[in-house]
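>>> pasting a predicted model and its sequence here:
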Amino acid sequence: MRAKLDVTTIALAAMPVRFGPTPQLLNRSPVRRSFSEGGTPQLLLRMPGTWRCFTSLRYDPVVFPRPHCLFPQCRAPQAIVTPGLRPTVNPVSSHGMHRDHHRWYSHRLNRDMGVAVYGNYGAPLLAFPTSMGDEFEQEGQGMIRTLSPYIDQGRIRIFCINGVQSDSFSNKGAHPFHRSWMQAQYDDYVASEVFPFIDSQCQTPGIGIATLGASLGAYHAANTLFKHPDHVKRCYALSGVYDMRDSMDGMYDDNFYFNNPVDYMANQSDPWFLHQYASCDIRLVTGCGPWENSGPTYRMSEILRNRGIAHHLDDWGPEGGHEWPYWHHQMWEYVGAPY
């Protein structure tokens, strides 16, 4: 049975997928255009009846110039769906998936903080919520369902945590220095409480962790890797913002500086950090789809390029929108590659 599914209604939109025990991409034959000075490096994905363009490059920023986004208009391909599978069902599609929830009191944050865990084993992926989201957001928005085949196969194990945005940068009723202090405490909570929890759950002290976040969550995903590259070895920062000055009412302190990536990374020269970054997989993801502003991502990429820090700048063009269906599709692609 064939059905045409709009990107706003299915998590795996804009890419032909065969649903079944193991979803597989259909008719995918990537062709990477050779790079030349002043050109546009592109990865062209051959689809039934159309070409998809996806700018993706891992580069030494000292060598390659800043890319630009130029995409043709492409019509949406079709998805082949097996009978009985509907895109709008329980967010956790596998009834056999291990799902657990843990909660403890954090003295650093003076509150109970929860962690939702999906999967029994696999490479740990730490997921941050968007603004005002919590540890159940990834499930409620369908991301767990999208990635469930990888979870069921034991390729990844997802740890979703709560945020404190309402008491940090979004707390307009608090003094700006309290906001930045709260963000510093949150970073300490992640490093001193969540990391050890993941280590214990995976029974591997110091296991490499990947971070995931979209929108404000992308800020946390990238900030956590930039500050703890010995423990966080990969990040997926989708549609992010990396300068939080607008949340500080013109004020500035050390807590803010060391949690504002465009500032402290612009001055990063510590040999230990630079050595650790060399072994990290940093993905900054954007596009020119609905509601997306690619400016912050390109700016963050430029800063890393100027420091000689290798990273991926992924511009999905019109498939890079600022909404969950676009992030679902991106993560389906990303997780399927290295895990």
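Perfect, thanks for sending it.
>>> what's the end-to-end length of stretch 270-284?
Between the opening and closing residues of stretch 270-284 there is a gap of 22 Å (Cα to Cα, to the nearest Å).
>>> how about stretch 123-141?
22 Å.
>>> now residue 260: closest residue in space that isn't a chain neighbour?
Setting aside the residues directly before and after it, residue 260 is nearest to residue 244 in space (Cβ to Cβ, 6 or more residues apart in numbering), at 5.5 Å. (Glycine included, C-beta is placed from N, CA and C.)
>>> residue 289 and residue 142, how far apart?
Look at residue 289 and residue 142: by Cβ to Cβ, to the nearest Å, they are 18 Å apart.
>>> hmm, back to that, which residues touch the residue nearest to residue 260?
Residue 244 makes contact with 169, 183, 219, 256, 259-260 under the criterion Cβ atoms under 8 Å, 6 or more residues apart in numbering.
>>> who wins for most neighbours among those residues?
Counting neighbours by other Cβ atoms under 10 Å, the top entry in the contacts of residue 244 is residue 219, with 27 neighbours.
>>> go ahead and confirm that one touches residue 241.
Yes: assessed by Cβ atoms under 8 Å, residue 219 is found in contact with residue 241 at 5.8 Å.
>>> so residue 223 touches residue 187, yeah?
Yes: at 7.1 Å, residue 223 and residue 187 qualify as touching, with contact defined as Cβ under 8 Å.
>>> more crowded one of these two?
Neighbour count, other Cβ under 10 Å: between residue 223 and residue 187, residue 223 has more, with 29 against 19.
>>> show the contacting residues for that one.
Applying Cβ under 8 Å, 6+ apart, one finds that residue 223 lies in contact with 187, 242, 259, 261.
>>> the nearest residue to the last one once chain neighbours are set aside: what secondary structure?
In other words, residue 261. The spatially closest residue to residue 261, leaving aside those adjacent along the chain, is residue 242, at 4.4 Å (Cβ to Cβ, 6+ apart). Classification of residue 242 using DSSP: H, G, I helix; E, B strand; the rest coil returns coil.
>>> from residue 203, how far off is residue 242?
Using Cβ to Cβ, one gets 34 Å for the distance from residue 242 to residue 203.
>>> can you check residue 248 too?
Taking Cβ to Cβ, one finds residue 248 at 41 Å from residue 203.
>>> of these two, who's got more company?
Using other Cβ under 10 Å, the more surrounded residue of residue 248 and residue 203 is residue 248, with 16 against 8.
>>> circling back to that earlier point, let me have the contacts of residue 244 in JSON lines, extended by secondary structure, distance to residue 267 and pLDDT.
JSON lines is the format used below for those (DSSP: H, G, I helix; E, B strand; the rest coil; distance: Cβ to Cβ, whole Å; pLDDT from 0 to 100):
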{"residue": "169", "secondary structure": "coil", "distance to residue 267": "21", "pLDDT": "87"}
{"residue": "183", "secondary structure": "helix", "distance to residue 267": "19", "pLDDT": "95"}
{"residue": "219", "secondary structure": "helix", "distance to residue 267": "18", "pLDDT": "97"}
{"residue": "256", "secondary structure": "helix", "distance to residue 267": "14", "pLDDT": "95"}
{"residue": "259", "secondary structure": "coil", "distance to residue 267": "14", "pLDDT": "97"}
{"residue": "260", "secondary structure": "coil", "distance to residue 267": "11", "pLDDT": "97"}
